[in-house]
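# show me the folded form of this:
(2 chains)
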Amino acid sequence: MPGLSINSITKRFADFAAVDDVSLSVPDGKFVCLLGPSGCGKTTLLRMIAGLEEPTSGAIVLDGDDITRVPTHRRNLGMVFQSLALFPHLSVGENIAYALRIRGASKDDQRKRVEELLAMIHLPGFADRPVAKLSGGQRQRVAIARALALSPKLFLLDEPLSALDAKLREAMQVELRQLQQRLGITTIVVTHDQREAMTMADLVVVMGKGKILQAASPIEIYRKPADAFVADFIGITNLLPAEADSAGRTTVLGAAVPGVALPSGAAKATISIRPEDIHFAKPGAGAIPGTVSFVRDLGGTVETFVEAGGTTIVAVATPRERPNVSVGETIGVVLPPESCVVLQP
Amino acid sequence: MRREPARALADYTPLFFPALMLIVFFVVPFSIMIAVSFFKRNPAGFYTPDFVFDNYARFLTAFFGSVLGFSLLLAILVAVCCVVIAFPFTYLLTKRSRAVQTLWLVGLLSVLSLSEVIIGFAWSTLFSRTAGITNLFVAIGLMKEPVALLPSFWAVLTGMVYQALPYTILVLYPALVRLDPTLLEAARTLGASPVRAFFNVVTPALRNTIVATLIMVFVFALGSYLLPQILGRPSNWTLSVLITDQAIYQSNMPFAAAMAVFLVLISLALVGLTLLVGRKENAL
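Below is the predicted model of the structure:
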């Protein structure tokens, strides 16, 4: 089977399991983001795929071949490090050609391939510059070109854009995604930035405490988070307590939400609803009564904070649908049932 | 970080004290030595102020020339041996755990507390026929009978490398600890075996450190005069030995001073040449 498959892999450091029995299947040519807070094991998992860290148990299979014990330099992969790790004593061209030089490619072939790659990353004519003279974004591109010099089977990136400023980072995310689609190369990126994951990935893998919490497409992760941790980590969400009354109807903070069913037998659960899904209405039946505590008008979006039943509910609206509310006002908060996600306890 | 250039005289005040120290303890004695090197020797007494080139002329004989050549060669060899041994050792040391590193560094520092005399006599015992390491080799069947390994050139070299090695490691250690480990990992993901990556990436990235260390050990080894006498034959004696001999036992201060000045000039020229070559290659 083409693609990468990770079979119940575990990495222990002393008595701490950095990666705990993780299995994942990445189809050929897909873009995967390993997402999670620091210390969740995502970098360790990536380093095991690269062969820089030896798994305690489990197997890594690439295109049907078990590569668990294959040393890094025979794995045919390209990797971009968080520090970029460009060789300071080599020029841009020599950095990119390093993998070719190791394999004994002729000077002519090296030069040709370097020119090709420099054109691909929009830096033509940069071959003879020293890496120290490049800007952050340029160094980033050179690191990507160097990793892709041999058209590897697997493209791994460890927090590649973390050193760039916000604007450049967003631009590079789009560029990286377009490059990956053009080359059709299986790509795995480690990141702690959920926006980055949403922008680039076909498959987002959310990790926490060494385990995979959810692996799905970005929009599914956003719309149907598996648990409270995922819901809270991906974007902003409201986590609200839901109860089932004797008649089996579900209520949230005292307001009935018809059409939302709790897991059978459970009297209590937590639901997640995204701020942009919340509407306001006049206080009354079917709405949660609350008091507006703060309005943050950011120009592009308006965030309204409502105190209701001891928790703060956040609602986001565009200026076009700007809610006509002011601080101190009592309003009703409406939760559209189709937007409520009942989370696993 | 960009620093403001110094403008007023007051900006230089922090430099006054070190400058004074340098003048009192280096410039003045060194100037006196240069002056003495032109003085005339008085066989009955000490020396009389003069301005003659006799001392330098006497130095330019085949004998002293070959001793100078030997001293430089020995110092270069010690420097190269030290770096060749210490560089991989220090590199591997930085890969160990914190506790292991500390243990090794403390051990190496304790070697520094040994005086040159103790090192010399310890090695002369180790190399001797009666109590030396060759007895061990005989015991495990490597040799037929114990032999004396000294006095010899190799004994001198071993002793001097032993003495200079802790300094070498301590100078290399900070640079190697600070080296970004992902450089090596990057080379490996690009298809270089660990050994190849080490020579392709680690060594060139630390070129300047290696050159600086070579120069330091070279200068350090040039001043050695006890070990060659304890472990070597007279033919293994360095210029420092002859300078000591002339200054202390022959009471020929002007000649000793001339040799010392010459040694300083030659080593300065060598160090300058190394730096010049290094800069040219860096500019490429």
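# can you tell me, leaving aside adjacent residues, what's nearest to the spatially most central residue of chain A?
Note on chain A: the residue nearest the mean C-alpha position is A:Ala197, at 2.9 Å, using C-alpha atoms, centre = their mean. Setting aside the residues directly before and after it, A:Ala197 is nearest to A:Cys33 in space (C-beta to C-beta, 6 or more residues apart in numbering or on different chains), at 3.8 Å. Bear in mind the C-beta positions are built from the backbone N, C-alpha and C, glycine included.
# still on that earlier bit, SS state for the residue nearest to the centre of chain A?
The three-state assignment at A:Ala197 reads helix, by DSSP: H, G, I helix; E, B strand; the rest coil.
# and residue 148, how many residues sit next to it?
This is for chain A. A:Leu148 sits with 21 neighbouring residues when counted by other C-beta atoms under 10 Å in any protein chain shown.
# nope, chain B
Other residues near B:Ala148 number 14, with proximity taken as other C-beta under 10 Å.
# report pLDDT for residue 194.
Picked chain A for this. Confidence per residue is given as pLDDT, and for A:Gln194 that number is 86.
# oops, I was thinking of chain B
So B:Pro194 comes in at 87 (pLDDT).
# residues contacting it?
B:Pro194 makes contact with A:73, B:184, B:188, according to C-beta atoms under 8 Å, 6 or more residues apart in numbering or on different chains.
# from B:Leu92, how far off is it?
According to C-beta to C-beta, to the nearest Å, B:Pro194 and B:Leu92 sit 11 Å apart.
# same thing with A:Ala216?
45 Å.
# could you look up the SS state of A:Ile331?
Of the three states, A:Ile331 takes strand under three-state DSSP.
# who has more neighbours, A:Ala216 and B:Leu92?
Neighbours of A:Ala216 and B:Leu92, each counted by other C-beta under 10 Å, are more numerous for A:Ala216; the result is 17 against 10.
# surely that one is in contact with A:Met198?
No. Look at A:Ala216 against A:Met198 with C-beta atoms under 8 Å: they stay out of range, at 12.0 Å.
# pLDDT score for B:Ala44?
Looking at B:Ala44, the pLDDT reads 69.
# strands of the stretch 1-150 of chain B, start to end?
Here the stretch 1-150 of chain B has its strands, by DSSP state E, counting those that start in this stretch, at B:40-41, B:47-48.
# report the strands that pair with the last one, each with its relative direction.
Translated: strand B:47-48. Partner strands for strand B:47-48, per DSSP bridges, with pairing direction: strand B:40-41 (antiparallel).
# one step back: any common contacting residues for A:Ala216 and A:Met198?
For the pair A:Ala216 and A:Met198, residues contacting each of them under the criterion C-beta under 8 Å, 6+ apart are A:Val204.
# list the contacts of the helix or strand harbouring B:Ile243.
When secondary structure is defined using DSSP states H and E, the element that contains B:Ile243 is helix B:239-244. Contacts made with helix B:239-244 from outside it, assessed by C-beta under 8 Å, 6+ apart, are listed as B:64, B:67-68, B:71, B:222-225, B:228-229, B:256, B:259-260, B:263.
# how far is it from where the chain is centred?
Centroid displacement of helix B:239-244 relative to its chain, using C-alpha atoms, centre = their mean, to the nearest Å, is 16 Å.
# show me what counts as buried in that helix.
Neighbour-count burial for helix B:239-244, with 16 or more other C-beta atoms under 10 Å in any protein chain shown as criterion, is recorded at B:239-244.
# just the mean pLDDT for the helix or strand that it is followed by, thanks.
Once the chain leaves helix B:239-244, the next helix or strand it forms, by DSSP H and E, is helix B:253-283. Average pLDDT, helix B:253-283: 80.
# return the list of helices and strands in contact with helix B:253-283.
In this structure, helix B:253-283 packs against helix B:28-36, strand B:40-41, helix B:54-59, helix B:62-94, helix B:207-222, helix B:239-244, with contacts taken as 3 or more C-beta pairs under 8 Å, 6 or more residues apart in numbering or on different chains; DSSP states H and E.
# and the first one, which residues are buried?
Read that as helix B:28-36. By neighbour count with 16+ other C-beta under 10 Å, helix B:28-36 contains the buried residues B:33, B:36.
# ok, the third one next?
For helix B:54-59, the neighbour count (16+ other C-beta under 10 Å) marks B:55-56, B:59 as buried.
# tell me who's in contact with B:Trp123.
Applying C-beta under 8 Å, 6+ apart, the residues contacting B:Trp123 are B:150, B:155, B:158-159, B:162, B:227, B:230-231.
# same check, this time on A:Thr68
Residues in contact with A:Thr68 (C-beta under 8 Å, 6+ apart) are A:55, A:58-60.
# which among those residues gets closest to chain B?
Nearest to chain B, judged by C-beta to the nearest C-beta, of the contacts of A:Thr68 is A:Ile60 at 14.7 Å.
# what about B:Phe220, how many neighbours?
18.
# quick revisit: among the strands of the stretch 1-150 of chain B, which is the most enclosed?
With neighbours defined as mean count of other C-beta atoms under 10 Å in any protein chain shown, the strands of the stretch 1-150 of chain B peak in mean count at strand B:40-41, which reaches a mean of 16.
# who's in contact with it?
B:47-50, B:52, B:54-55, B:252-255.
# make TSV from those and add distance to B:Ile119 to it.
TSV is the format used below for the contacts of strand B:40-41 (distance: C-beta to C-beta, whole Å):
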residue	distance to B:Ile119
B:Tyr47	34
B:Thr48	40
B:Pro49	40
B:Asp50	41
B:Val52	40
B:Asp54	37
B:Asn55	33
B:Asn252	29
B:Met253	29
B:Pro254	32
B:Phe255	29
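# ok, of the residues you listed, which one's closest to A:Arg129?
Sorting these by how near they are to A:Arg129, with C-beta to C-beta, puts B:Asn55 at the top with 54.7 Å.
# would you agree the closest one is in contact with B:Ser37?
Yes. Between B:Asn55 and B:Ser37 there is a contact at 5.7 Å, judged by C-beta under 8 Å.
# which residues do these two both contact?
Listed contacts common to B:Asn55 and B:Ser37 are B:254, B:257-258; contacts here mean C-beta under 8 Å, 6+ apart.
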